[in-house]
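Asker: Predicted model and sequence follow; I will ask about them next.
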Amino acid sequence: MYYLLILAVGIERLAELVVSQRNARWSFAQGAREFGRTHYAAMVGIHTALLIGCVVEPWALHRPFIPWLGWPMLAVVALSQGLRWWCISTLGRRWNTRVIVLPDAPLVAEGPYRWLHHPNYAAVVAEGVALPLVHTAWLTAVAFTLANALVLRVRLRVENSALGYA
């Protein structure tokens, strides 16, 4: 069942990319500008590595499903997916996996953006820890968390600058 969960998350990521590409085309047609493209490949790479690690580590290292850990982590995964899609629906056509900013567009202050500047990244951090721990893939959880922290450090600087926070 765990491998089906990973497959479902992988399919969800592909759906995000389809939405992202559609939104990018619309944004560029509206005169949007892209920022910080250089870190994007690293971000895609670590998210791909997360899914691979979630498959390989439990299989290769015979990681068991531990109910007291796995079930709560599955709940965190579900909540993080809900938060991610709340972000996507709140931003609508402005949502993207890349940093694409419409000129003179006001910042969104609705939905989860009422409380956080970057709620999608909170979802990514939570999911990056929880998804591997559903099946005790703790090495994958630690590796993703560290790699993601490095990428988010760059990403947040780029995004905040592009949005005028800095």
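Answerer: Okay, I see it. In this text the structure is predicted, and so the values were computed from the model without any measurement.
Asker: Of all residues in the chain, which one is nearest the centre?
Answerer: Taking CA atoms, centre = their mean, the centroid of the chain lies closest to residue 124, which sits 3.9 Å from it.
Asker: State the distance from that one to residue 50.
Answerer: Going from residue 124 to residue 50 by CB to CB, to the nearest Å gives 10 Å. Using the backbone N, CA and C atoms, a C-beta is placed for each residue, glycine as well.
Asker: cool, residue 147 as well?
Answerer: For residue 147 relative to residue 50 (CB to CB), the value is 9 Å.
Asker: Tell me which of the two has more neighbours.
Answerer: Taking neighbours as other CB atoms under 10 Å, residue 147 and residue 50 compare with residue 50 leading, 26 against 18.
Asker: would you list every one of the helices in this structure?
Answerer: With DSSP state H as the criterion, the chain has helices at 2-29, 40-60, 67-91, 119-133, 138-163.
Asker: I'd like to know which of the ones you listed is closest to residue 107.
Answerer: For residue 107, the closest of the helices of the chain is helix 138-163, at 6.3 Å, according to CB to CB.
Asker: how about the closest one: buried residues?
Answerer: 140-141, 143-144, 147-148, 151-152, 155, 158-159, 162-163 (16 or more other CB atoms under 10 Å).
Asker: want to throw the helices of the chain into JSON lines with mean pLDDT?
Answerer: Shown next, in JSON lines, are those (pLDDT from 0 to 100):
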{"stretch": "helix 2-29", "mean pLDDT": "96"}
{"stretch": "helix 40-60", "mean pLDDT": "96"}
{"stretch": "helix 67-91", "mean pLDDT": "97"}
{"stretch": "helix 119-133", "mean pLDDT": "97"}
{"stretch": "helix 138-163", "mean pLDDT": "95"}
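Asker: deepest of those helices, which one?
Answerer: Of all these, helix 119-133 carries the top mean neighbour count, a mean of 21, counting by mean count of other CB atoms under 10 Å.
Asker: which residues sit against it?
Answerer: The contact list for helix 119-133, computed with CB atoms under 8 Å, 6 or more residues apart in numbering, reads 5-6, 9, 50, 53-54, 57, 69-70, 73-74, 76-77, 79-81, 83-84, 86-88, 111-113, 116, 138, 140-141, 144-145, 148, 152, 155-156.
Asker: same thing with stretch 82-99?
Answerer: Contacts for stretch 82-99 (CB under 8 Å, 6+ apart): 16-17, 19-20, 23-24, 26-27, 34-37, 40, 43, 102, 105, 108, 110-113, 119-120, 122-124, 126-127, 155, 158-159, 162.
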